[in-house]
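Engineer: Quick one, structure for this:
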Amino acid sequence: MIRLHNIDTYPYIVSFGDCGAIMRFAGEISAAGHMRAIALLQTYAEHMPDGVLDIIPGYVSLGVYFNPQKISFEAIAEDMLRRADTLIYNKHLPRRAVTISVHYGGRAGPDLAALAESAHISVEQAVELHANRDYTVYFLGFIAGFPYLGEVDPKIRAPRRSTPRKHIPRGSVGIAEAQTGIYSVNSPGGWNIIGATSADVFNPFRNAPFLLLPGDTARFTIAAIDADIDINTDFSITTATPAEQRRWVAPDGAVACAMVIHSGSQTCAQGASRHNVGLFGISRGGAADFFSLRAGNLALGNPPDACALEFAGMGPELKFLQAIQIIVTGAAETMTIDGYTLPAGRSVTMRAGQVLRAGETTHGARGYICFAGGIAGEDILGADSTDIRGGFGGIAGRYLRAGDILSVWQTTKQTVDALTRIKTPNHNQLLRVLPGPDFAAHNQLVQALKKQTFVVTQRSDRMGISLESVGLPLPEDLIPLGIISEMTLPGALQIPPDGKPMLLGADCQTTGGYCIPLAVISADIWRIGQLCPGMTVQFALVSRAESADALRQMRLAEQVYAVEVYDTSQLFCGFLEGDLHEETF
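Structural biologist: Numbering: from 1, shown residues only. Below is the predicted model of the structure:
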């Protein structure tokens, strides 16, 4: 018998939409619960079942992300429980001990003095309490390679800053509540910054990209206190040059095809998602609207997830250096070639010297330009899609800029002129959902979410879509407190303390501490990538069987589309516009 949703008996398993499962080992952060999660993680390192795409630990949990067309939730749950029931828990699991030198205070640690003052101790005492102490690496999350370490001495525990900083340099050492951590890349953040290290915490171009791994122990040593150190200029961190400073050089074997005249809005190279890297805090990434990407690629005879250009708003302007077939898909309705306007969705052959401008996205958030052969980007950590926050993949790990030369992989496949009529989301969206990991404990909240209509706000990007209620907000007594951080996935509907739901997107964090009562089904996740401010969203709870059928229809439509590409508008009506009905769980 599978132990599901029985919160009185540990370990137990909860489902996460149609593609995830989480085993929880304890109801509070504890060394024993963490040790069991790491022990289970190691069994997957030794043998990964077919269909499992990622394994993501939390403080006292282990999440499994899987392909629902290859393995069922029931099979995943049975396998997890079998592994957990046969584990031998002990304190002698393989662990590494890593020592990290820190410059405390001064410009490198602007919050140290205030933290010491609030604790009624000296700066030197605060430093001594933080350093020379063994910390457990619970998991990596938030940003690529960011280690969550615990626990700090109670005297120096401090809440997150009420107003997060817009920029924290990589190498910064911070404290938030009982946790301490190291910023692995430049990032916004709300932790109290007490120092900085020159240790190379994350380097995607290194054979071993991550300094720390879940289950390791870390110890900080004191390099200096209140030294006049500027982390931006004085530390020679060996991490690769920041993406915004890197010169782009195409991979060997690729052929230059176009030069960027104008970059457009947030234009970057996106293709396949990354798998088996969530353990390290790496987002899945890939095309936000994978359906439009695949439609365009199949029309050109490319692999479905071949890398393309994704843009949000105004499309880029490109001058072509050789003849090549391209197609513009997604929410852009038009394109111009040498000043002549044409409808988007039609594959065309660009000639050397011609100039293409993709039209602005008018009925959704994002458009795509697919190239025959596919864009040749940096293949880092299993995919060539751009990770903007991590600064790797795609075109030098950044958005395009004028002067960039785009290269493609050569292809011998024959393509035909194609006209795609794929519908992108209209202004009002009904998203199909399944129970999330916190569904069982929040039935009233689920009922309220099903009845509400939400509007997409300006605070939306590839990481997530911020929603506000149309009319009355969610009742305050239904808004849950935070949970112990555990796996998150694209499509999750998070409920933060302000009661404004957040739909997680392609670049979402791998772990989070907000309640997730519902999760969008796999067949509808592409729709999240096309939501833009002003659109409205409602949620319809469906059955697992309906979810599986929707995914089968989508894959079948893609296969048929690859055979007959001229006019496929009718193929997609069933699952893009089909009737929905709800089922009570």
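Engineer: wait, is Val127 part of a helix?
Structural biologist: Yes: Val127: assigned to a helix according to DSSP: H, G, I helix; E, B strand; the rest coil.
Engineer: measure the nearest residue to it once chain neighbours are set aside to Pro343 for me?
Structural biologist: Spatially, and ignoring its direct neighbours in sequence, Val127 is nearest to Tyr104 (4.7 Å; CB to CB, 6 or more residues apart in numbering). Placement of C-beta: from N, CA and C, glycine included. Computed with CB to CB, to the nearest Å, the distance linking Tyr104 and Pro343 is 61 Å.
Engineer: For the two, work out which one has more neighbours and name it.
Structural biologist: In terms of neighbours (other CB atoms under 10 Å), Tyr104 is the more surrounded of Tyr104 and Pro343; the figures are 26 against 13.
Engineer: Would you mind giving me the confidence score for that one?
Structural biologist: The pLDDT attached to Tyr104 in the predicted structure is 97.
Engineer: Ser101 too?
Structural biologist: Looking at Ser101, its pLDDT is 96.
Engineer: what pairs with the host helix or strand of it, and is each one parallel or antiparallel?
Structural biologist: When secondary structure is defined using DSSP states H and E, the element that contains Ser101 is strand 97-104. Each strand that pairs with strand 97-104, with its direction, by DSSP bridges: strand 192-196 (antiparallel), strand 217-225 (parallel).
Engineer: Can you tell me what sits against the longest one?
Structural biologist: With contacts defined as CB atoms under 8 Å, 6 or more residues apart in numbering, strand 217-225 is touched by 95-106, 123-124, 127, 130-137, 147, 149, 173, 197, 212.
Engineer: and if we set it to 6 Å?
Structural biologist: Outside strand 217-225, the residues that touch it by CB atoms under 6 Å, 6 or more residues apart in numbering are 95, 97-105, 127, 131, 134-135, 149, 212.
Engineer: From these, list the buried ones, please.
Structural biologist: Buried members of the contacts of strand 217-225, scored by 16 or more other CB atoms under 10 Å, are Val98, Ile100, Val102, His103, Tyr104, Gly105, Val127, Ala131, Tyr135, Leu149, Leu212.
Engineer: could you check the distance from the first one over to Gly215?
Structural biologist: In other words, Val98. Between Val98 and Gly215 the distance is 12 Å, computed by CB to CB.
Engineer: Equivalent analysis for Val152, please.
Structural biologist: Taking CB to CB as the criterion, Val152 is separated from Gly215 by 19 Å.
Engineer: Which parts of the stretch 51-200 of the chain are helices?
Structural biologist: With helices called from DSSP state H, counting those that start in this stretch, the stretch 51-200 of the chain shows them at 73-86, 112-118, 123-130.
Engineer: Helix or strand: which one has Cys370?
Structural biologist: Using DSSP H and E, Cys370 falls within strand 366-371.
Engineer: Report the buried residues of the following helix or strand past that strand.
Structural biologist: Downstream of strand 366-371, the first helix or strand assigned by DSSP H and E is strand 405-408. Using 16+ other CB under 10 Å as the test for burial, strand 405-408 gives Leu406, Ser407, Val408.
Engineer: One more: stretch 173-193?
Structural biologist: Going by neighbour count (16+ other CB under 10 Å), the buried part of stretch 173-193 is 173-176, 179-187, 189, 191-193.
Engineer: Please state the offset of it from the chain centre?
Structural biologist: 19 Å (CA atoms, centre = their mean, to the nearest Å).
Engineer: can I get the CA coordinates of stretch 434-441 in CSV?
Structural biologist: What follows is stretch 434-441 as a C-alpha-only set of coordinates in CSV (Å, rounded to 0.1, in the frame of the first residue of the first chain):
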residue,chain,number,x,y,z
LEU,A,434,-4.1,18.7,-10.8
PRO,A,435,-3.4,18.5,-7.1
GLY,A,436,-0.1,20.0,-6.0
PRO,A,437,1.9,18.7,-3.0
ASP,A,438,-0.1,20.8,-0.5
PHE,A,439,-3.5,20.0,-2.0
ALA,A,440,-4.8,17.7,0.8
ALA,A,441,-4.1,20.2,3.6
